[in-house]
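Peer 1: please find the sequence and the predicted model below.
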Amino acid sequence: MPAPYRGPAGNGAPVGYGRPVGYGAPAWAPVPPVRSGGGPWVAVLVVAIVVLIALLLGVAVLALAGRSTVDTGASPTGAPGGPVTTSEATSTTPAAATRTTSQRGTTGSSVSAGSTPTGTAALQGNPLFANANAGLPTQPCTATGWPSDSAAGKRFFDSVAPCLDRAWQSATEGAGLSYRKPTVLVPSGTKLSSPCGTTDLATENVAAFYCPSNETLYMPPSGLEVDRYGNQPVIYLSVFAHEYGHHVQRVTGILAAEVRLERQYGRTSDRGLEVSRRTELQAQCFSGMLVKSVSDTGGQFTSRDYRTAFEDQERGDQPGSDRDHGTSAHAQGWWNTGYQTNRLARCNTWAASSNDVA
C-alpha cells in the first residue's frame with residue numbers, strides 16, 4: 001500500500017511565516033545540456049545521404065513513368081482490408097500532437113500522445129516539459145473565506161479547486177496528455193484514514209497529503225494549523241497547490257515512475273531519498289507556478305501576497321527527519337522558481353543536478 005504524499009511540512013511542523021526569512025538565491029532548474037553536433041564528418045555524411053536519396057528518387061521517377069496510372073486499389077500482400085498508412089493528427093493546440101507511432105525512452109519505456117508516459121519518458125523526458133515556453137494560463141481566482149474548520153474548509157477548497165482544474169487541464173492536454181480531476185476532501189479531526197493508510201496528524205505533523213490510490217487530496221484544517229495562520233488564504237492555496245501538484249504527477253506518469261525507482265534503489269537509501277526529494281521539490285515548483293498564474297489577474301490574489309507565500313515555503317526536512325523533502329532553502333527556492341518563471345520546463349527537477357535537490 002503506497003504511503004500518502006505529504007505536504008511541504010515534511011516530518012516537522014511548518015516553519016517560516018512570522019519570522020524574517022532572507023531571499024536566498026533560488027535553486028533554478030538547469031537547462032539540460034545540448035549535445036555536440038559531432039564535428040565536420042557529420043556534414044560530409046549528410047551530403048552523401050542527400051546525394052544518395054536524390055539518385056534513388058530519380059530512379060523511382062523513371063520506373064513509375066513506365067507504369068499505368070490506374071490504381072486497382074489492391075491491398076499489399078498480408079494486409080487485409082486496405083493499404084497500410086501512417087498518420088499524424090495535430091490538435092488545435094500547437095503543443096499537442098497525436099501520433100500513431102510511439103516514442104521510446106532510454107530505458108525502453110514508451111509514450112504515445114494521449115497515453116500516460118512510463119519510465120524515463122515519464123521523468124526527465126516527460127512531454128509536460130517539452131515546450132520551454134509552456135506555463136499555466138493566467139486567470140482570476142477568488143477564494144470563499146478560509147478553512148477555519150471543516151465546513152469552511154470545504155467551501156474554501158471548492159471555490160479554488162476549479163482554478164487549479166482549469167490550469168492543469170490546459171497544461172497537460174496542451175502537452176498531448178490526457179487529464180482527469182482529483183477528489184478533494186476536508187476531513188475533521190486528527191486521525192485520517194485513506195486507501196494509503198492511517199495518518200495521525202497529532203504525531204506525524206502532516207499539513208495535508210495526497211493519496212494516489214484514490215486520487216484524492218486531503219486538506220484537514222487541523223493539519224493546516226489554521227489556529228496559527230488565521231485568515232491568510234494564500235498560505236492555504238499554496239499548500240493546496242503543492243498537493244494538487246502530486247496529482248499532476250500522478251496523471252502524467254511521474255509518480256508511478258518515481259515509485260518504481262524508490263523500490264529499485266530502496267526507499268531509505270541515498271538514491272531513493274533523492275528520488276523522493278525530486279518529487280516533492282517539483283510539487284513545490286508547481287505550487288509557485290499556480291500562485292503566480294492567479295496573481296494580479298482580477299481575482300483575490302495579487303503580488304502583495306507574494307512575500308506571505310514565499311516566507312511560508314521554508315518547510316524542508318527538519319533535523320532528525322528523513323531527507324525525503326529537501327532542505328528548507330531548496331523548498332523555498334523551487335517554489336520561487338515556479339513563481340518567478342511560470343514555466344513547466346523550469347520545474348523539471350529530474351533534469352536538475354543532485355546539488356539542486358539536496
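Peer 2: Nice, thanks for sending it over. All figures in this text were calculated on a predicted structure; none of them were measured in a lab.

Peer 1: pLDDT weak spots in the stretch 51-200 of the chain?
Peer 2: By pLDDT under 70, the low-scoring segments of the stretch 51-200 of the chain are 51-114.

Peer 1: ok, Gly174 touching Ala134?
Peer 2: Yes. Counting by C-beta atoms under 8 Å, Gly174 does reach Ala134; the two are 6.3 Å apart. Using the backbone N, CA and C atoms, a C-beta is placed for each residue, glycine as well.

Peer 1: report pLDDT for Phe320.
Peer 2: Check again: residue 320 is Gly, not Phe. The model reports Gly320 with a pLDDT of 80.

Peer 1: now do it: how many residues are near it, please.
Peer 2: For Gly320, the count of nearby residues is 7 (other C-beta atoms under 10 Å).

Peer 1: got it, and Ala207?
Peer 2: When neighbours are counted by other C-beta under 10 Å, Ala207 registers 23.

Peer 1: and it, helix, strand or coil?
Peer 2: coil (DSSP: H, G, I helix; E, B strand; the rest coil).

Peer 1: hang on, isn't it packed against Val226?
Peer 2: No. Taking C-beta under 8 Å as the definition, Ala207 is not a contact partner of Val226, at 10.8 Å.

Peer 1: which stretches of the chain form strands?
Peer 2: Counting by DSSP state E, the segments of the chain that form strands are 5-6, 88-90, 97-99, 103-104, 110-111, 183-185, 191-194, 197-200, 209-211, 216-218.

Peer 1: any idea how far Val160 is from Gly299?
Peer 2: Going from Gly299 to Val160 by C-beta to C-beta, to the nearest Å gives 10 Å.

Peer 1: which of the two has more neighbours?
Peer 2: The neighbour comparison of Gly299 against Val160 (other C-beta under 10 Å) goes to Val160, with 25 against 15.

Peer 1: any idea how far the closest residue to Ala161 other than its chain neighbours is from Cys347?
Peer 2: Excluding the flanking residues, the one nearest Ala161 by C-beta to C-beta, 6 or more residues apart in numbering is Val184, at 5.6 Å. With distances taken as C-beta to C-beta, Val184 is found 22 Å from Cys347.

Peer 1: who has more neighbours, those two?
Peer 2: With neighbours defined as other C-beta under 10 Å, Val184 and Cys347 compare such that Cys347 has more, 29 against 22.

Peer 1: what's the per-residue pLDDT of the more buried one here?
Peer 2: Looking at Cys347, the pLDDT reads 98.

Peer 1: surely it meets Thr337?
Peer 2: Yes. Judged on C-beta under 8 Å, Cys347 makes contact with Thr337 at a distance of 6.9 Å.
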